[in-house]
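[1] Got a predicted model here, sequence first, then my questions.
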Amino acid sequence: MENLSVATWSFAAGADPEANAQVMSDGLRAAATAGAQVVVMPECCLTGYPSAGRVHLGDLDWVLVARLEQELAALSASLGVVLVAGTCARSADGCTNQALACVAGTLLRYDKRCLTPIDQGHFRAGSSALLIAAGGWRLGLGICYDLRFPDVWMELAARGADAFLVVAHMAGPDPDPGTKQALIPALCATRAAETATPLVLANTAGADRYLDSGIWDARGARLGSQVTGLLLANLRHRSRWDPWYAQLHDTALRRWRDAGR
């Protein structure tokens, strides 16, 4: 399997979706110029994260958000880049925190399944996994707090994920100062290493963030990190490392299935 060129585009989103969309468009163009096939942007980066980029969702112009999503999808298609970025969506039973995937002009959506206490004040939880295709790879999507829960990632691996893409807003007051800054990068490395599945995480560039955006390979080794702007890396599939990594992947899935998952 050929390498996959991936990028993160990191910034601190505000309450103005049009301003956020302009920064996202700049990121799409920068990623395409750099040769990226996939670019990942932070959680709720189109709308602003409630309690941070914006106070709440009550004043959000949903018609505007839908139009901007379509425009970003059209731009990503014209540039030949797959975009995965955070947004919000509204339905009859509430709002969801979404990873929006723009694939060849088509919009696909993953609703965040694992909600923090802050999330629960704004969103309802999703219930389904989502994988998308790019460059011959299958890419499993996740959002921020999902990282805390191994079953989310084991399910994606069992469904054939070759890499994980994570949109995140990991920032804000920390009840145990310093712990998240140390823990979360290690958690990203673990999620990659336990099934030999590379992981790409795009985090907010806010000053109160817990970690920078980063990319981890199939061994769980970090390939790079970035506070703001573009981070680019080539992902190497587990099958192109020592055979031990593919064996690890298969063993992890067999044990997970044997446990009755």
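    That came through, no problem. The model shown is predicted, which means the values in this text are computed figures rather than measured ones.

[2] going forward, measure contacts between C-alpha atoms and count neighbours the same way
    Noted.

[3] which ones are touching residue 71?
    Residues counted as contacts of residue 71 (Cα atoms under 8 Å, 6 or more residues apart in numbering): none.

[4] chain center to the helix or strand hosting residue 245, what's the gap?
    Element membership for residue 245, per DSSP states H and E: helix 243-258. Distance of helix 243-258 from the chain centroid (Cα atoms, centre = their mean, to the nearest Å) equals 24 Å.

[5] And the helices in the stretch 151-261 of the chain, which stretches?
    179-194, 243-258 (DSSP state H, counting those that start in this stretch).

[6] Mind putting those helices into JSON lines with distance to residue 113?
    Shown next, in JSON lines, are these (distance: least, Cα to Cα, whole Å):
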{"stretch": "helix 179-194", "distance to residue 113": "17"}
{"stretch": "helix 243-258", "distance to residue 113": "20"}
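
[7] Which among the ones you listed is found nearest to residue 58?
    Nearest to residue 58, of all the helices of the stretch 151-261 of the chain, is helix 179-194, at 29.9 Å by Cα to Cα.

[8] now the closest one and helix 243-258, what's the angle there?
    100 degrees (axes from the mean of the first three to the mean of the last three Cα atoms, to 10 degrees).

[9] Tell me the helices and strands packed up against helix 179-194.
    The contact analysis (3 or more Cα pairs under 8 Å, 6 or more residues apart in numbering; DSSP states H and E) places helix 179-194 against strand 199-202, strand 213-216, helix 243-258.

[10] quick one: buried residues of it?
    180-181, 184-185, 188-194 (16 or more other Cα atoms under 10 Å).

[11] Over to stretch 224-237?
    Neighbour-count burial for stretch 224-237 flags 225-237 (criterion: 16+ other Cα under 10 Å).

[12] now do stretch 171-181
    171, 180-181.

[13] same check, this time on stretch 191-207
    Going by neighbour count (16+ other Cα under 10 Å), the buried part of stretch 191-207 is 191-206.

[14] Not counting its neighbours along the chain, what's nearest residue 125?
    Nearest non-adjacent residue to residue 125, counting by Cα to Cα, 6 or more residues apart in numbering: residue 113, 4.9 Å away.

[15] Thought residue 144 was touching that neighbour, still the case?
    No - counting by Cα atoms under 8 Å, residue 113 stays clear of residue 144, with 10.0 Å between them.

[16] For the closest residue to residue 50 other than its chain neighbours, report the pLDDT, please.
    Spatially, and ignoring its direct neighbours in sequence, residue 50 is nearest to residue 56 (4.8 Å; Cα to Cα, 6+ apart). With respect to pLDDT, residue 56 scores 92.

[17] re the thing from before, can you tell me which of the buried residues of stretch 171-181 is closest to residue 12?
    residue 171 (10.4 Å).

[18] Return the distance of the closest one relative to residue 96.
    Per Cα to Cα, to the nearest Å, residue 171 is found 19 Å from residue 96.

[19] hang on, the earlier thing: can I take it that the residue nearest to residue 125 is in a helix?
    No - counting by DSSP: H, G, I helix; E, B strand; the rest coil, residue 113 falls outside a helix, being coil.

[20] residue contacts, it?
    125-128, 146.

[21] any idea which element the residue nearest to residue 50 lies in?
    Counting by DSSP H and E, residue 56 is part of no helix or strand.

[22] Need the residue closest to the centroid of this structure.
    residue 166 (2.2 Å; Cα atoms, centre = their mean).

[23] what is that one paired to in the beta sheet?
    For residue 166, the beta-bridge partners are residue 142, residue 201 (DSSP bridges).

[24] Next up, the contacts around it.
    Residue 166 neighbours (Cα under 8 Å, 6+ apart): 40, 141-144, 199-202.

[25] Mind doing that once more with 7 Å?
    Residue 166 is in contact with 141-144, 200-202, counting by Cα atoms under 7 Å, 6 or more residues apart in numbering.
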